[in-house]
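> Provided below are the primary sequence and the corresponding predicted coordinates.
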Amino acid sequence: MLRQLSEAPGTPLITGFAGLIPFFGGAFGLALGGPVAIQAANFLPIYAAVVLSFLAGGRWTAEIVLRADAPRPGVLLLAVFLSLSGWLAVLIQVWNRPDLPFNTELTGWGILIAGFAIQYLWDRGAVRGGTLPRWYLPLRLVLTLGAVISLGAALAVRAL
């Protein structure tokens, strides 16, 4: 897998890893506590939703480009579902109140984690099916693990 990652062009590697900085920074900010944690609790889920929408939008676009005459509805619907799930996660985190029957903030973190996991599995299938290049899978794995670990840390910190 590392050999395939070494085949990746430099720009996707650099921009992909740079995209992890806000994930790690947000999780670290939450762990610090105080006013920094409040800001991190606001920006991290929004950033995660934007990235999830970006990834899903890329798959939506690829489907339109590769199958212009007959795009598969399931692919387009899954892309829209993943994109909207990120925004739903942000919305329910904003609406968290003590009188609700469950903690919507923690649920929002869980939705984001699930969204990234589903997106990775979907991308894995596309690489294996030849839609995406081989080097994309190890890159997506590393980037997905970075995002999921950061979001999981955020969930753990906020659950305490």
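Arrived safely, thanks for sending. Numbering: from 1, shown residues only.
> May I see the buried residues of the worst-scoring helix or strand of the chain on mean pLDDT?
For the chain, using mean pLDDT, DSSP states H and E, the weakest element among its helices and strands is helix 2-6, scoring a mean of 77. If you call a residue buried by 16 or more other CB atoms under 10 Å, then helix 2-6 has these buried ones: L5. (C-beta placed from N, C-alpha, C; glycine too.)
> Can you spell out which helices and strands pack onto that helix?
helix 136-159 (3 or more CB pairs under 8 Å, 6 or more residues apart in numbering; DSSP states H and E).
> what is the rounded mean pLDDT of the helix it packs on?
For helix 136-159, mean pLDDT is 95.
> So which residues lie in contact with the least confident helix or strand of the chain, not counting its own?
L13, R134, W135, L137, P138, L139, V142 (CB atoms under 8 Å, 6 or more residues apart in numbering).
> CA-only coordinates of that helix in PDB, if you can.
Output of helix 2-6 as PDB, limited to C-alpha atoms (Å, rounded to 0.1, in the frame of the first residue of the first chain):
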ATOM      1  CA  LEU A   2       2.900   2.400   0.700                       C
ATOM      2  CA  ARG A   3       4.300   1.700  -2.700                       C
ATOM      3  CA  GLN A   4       0.900   2.800  -4.200                       C
ATOM      4  CA  LEU A   5       0.900   5.900  -2.100                       C
ATOM      5  CA  SER A   6       4.400   6.800  -3.300                       C
END
